[in-house]
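1. Everything below, folded, please.
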Amino acid sequence: MAQQGVERRGFAKHDLARTGRMALYGGCIFGPAATTWFKFLQNRVRLPNKNAEILARVGLDQVVFASTNMFVFLSSMALMEGSDPKKKLDSTYKMALQKNWLVWPWVQLINFKFVPLDYRVLVVNVISLGWNCYLSYLNSQGGK
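-> The predicted model follows:
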């Protein structure tokens, strides 16, 4: 989606390896981790006040999961590309995490408040279509 919809590369210039790296990361790393993470938050983060509980889940999600996931995503992309993970992190991590915090706390607030546990990963997957386009573009630009 990023290569065709955002960058308008055309199919002749489509980077299949880049698409493969994104699919590998999403299917093998992020998907299983997100499912486990949502179950953890649901079962372990319990507060008497439900609104405080939701805010605690969003806070943990953004401080622990988002920052770790962004680190793992950028590092794994660099390794799969054969580039230096430290350089990738130095050039893109801060900006990506800041953009993450503009989008995902709001998504997760709605997700944790209104969406049953079994459908939370689905909500994240739908929003991730656009988010992953951004990450793919950012990763390919080196943080420019």
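2. count of neighbours near M70?
-> Number of residues near M70 (other CB atoms under 10 Å) recorded here: 19. C-beta: built from backbone N, CA, C; applies to glycine.
3. wait, isn't it in contact with Y93?
-> Yes. The pair M70 / Y93 is scored as a contact, 6.3 Å apart, by CB atoms under 8 Å.
4. can you give me phi and psi for R46?
-> When read as degrees, to the nearest 10, the backbone of R46 gives phi -130, psi 120.
5. Okay, and the closest residue to it other than its chain neighbours sits in which element?
-> Once flanking residues are discounted, R46 sits nearest to E53: 6.5 Å by CB to CB, 6 or more residues apart in numbering. Per DSSP states H and E: E53 is located in helix 50-60.
6. what's that helix packed up against?
-> helix 85-114 (3 or more CB pairs under 8 Å, 6 or more residues apart in numbering; DSSP states H and E).
7. Helix or strand next in line after the least confident helix or strand in the chain by mean pLDDT, which one?
-> When the helices and strands of the chain are scored by mean pLDDT, DSSP states H and E, helix 16-24 comes last with a mean of 68. Downstream of helix 16-24, the next assigned helix or strand under DSSP H and E is helix 31-44.
8. where does this protein dip in pLDDT?
-> Low-confidence segments of the chain (pLDDT under 70): 1-9, 15, 17-20, 22-31, 142-144.
9. tally of neighbours for K50?
-> K50 has 11 neighbours, counted by other CB under 10 Å.
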